[in-house]
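Enquirer: Pasting the sequence and the predicted model now:
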Amino acid sequence: MKYIVDRVEGDLVIAIEEKTNKVIKIDKSLIDFDLFDGLVINYENGIYTKDLESTEKKKKEVKNRFDKLKEMN
C-alpha cells in the first residue's frame, strides 16, 4: 500500500492512503528513515520504505495544479 505523509505528531505519523484517502496513524518507531510532509511511503510485508520517485511525481502534479489556478486569475 502507498501512503502520503501528512504530518508527524510526536511519536505518530499521520498519513493518507493513496487510493482511498483514509487517514491512518503509524507508530513512528516502525519507520527507520527521515520523514517530511508529502513523502510517499510504501508498506509491504510489514516494512515501510520511502518512494522518492512517487514523491517527486506528486510534487510536480501539485505544482501543475497551482500553476493552472494562477493562470485562471
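Expert: Structure's in. What do you need? Numbers count the residues shown, from 1 in each chain.
Enquirer: the helices in the protein, which residues?
Expert: Applying DSSP state H to the chain gives helices spanning 52-72.
Enquirer: Lowest-scoring secondary structure element of it by mean pLDDT?
Expert: Least confident helix or strand of the chain, by mean pLDDT, DSSP states H and E, is helix 52-72 with a mean of 93.
Enquirer: Which elements pack onto that helix?
Expert: Helix 52-72 sits against strand 40-44, with contacts defined as 3 or more CB pairs under 8 Å, 6 or more residues apart in numbering; DSSP states H and E. No exception for glycine: its C-beta is placed from N, CA and C like everyone else's.
Enquirer: And the contacts of the strand it packs on?
Expert: The contact list for strand 40-44, computed with CB atoms under 8 Å, 6 or more residues apart in numbering, reads 1-5, 15, 18, 31, 35, 48-52, 54-55, 58.
Enquirer: got the buried residues for the least confident helix or strand of the chain?
Expert: Judged by neighbour count using 16 or more other CB atoms under 10 Å, the buried positions of helix 52-72 are 54, 55, 58.
Enquirer: export those residues to CSV and tack on distance to residue 40?
Expert: Shown next, in CSV, are the buried residues of helix 52-72 (distance: CB to CB, whole Å):
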residue, distance to residue 40
54, 4
55, 5
58, 6
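Enquirer: Tell me the one among the residues you listed nearest to residue 72.
Expert: residue 58 (21.8 Å; CB to CB).
Enquirer: and the angle from the lengthiest strand in the chain to helix 52-72?
Expert: Counting residues, the longest strand found in the chain (DSSP state E) is strand 2-9. Going by axes from the mean of the first three to the mean of the last three CA atoms, to 10 degrees, strand 2-9 is angled at 80 degrees with respect to helix 52-72.
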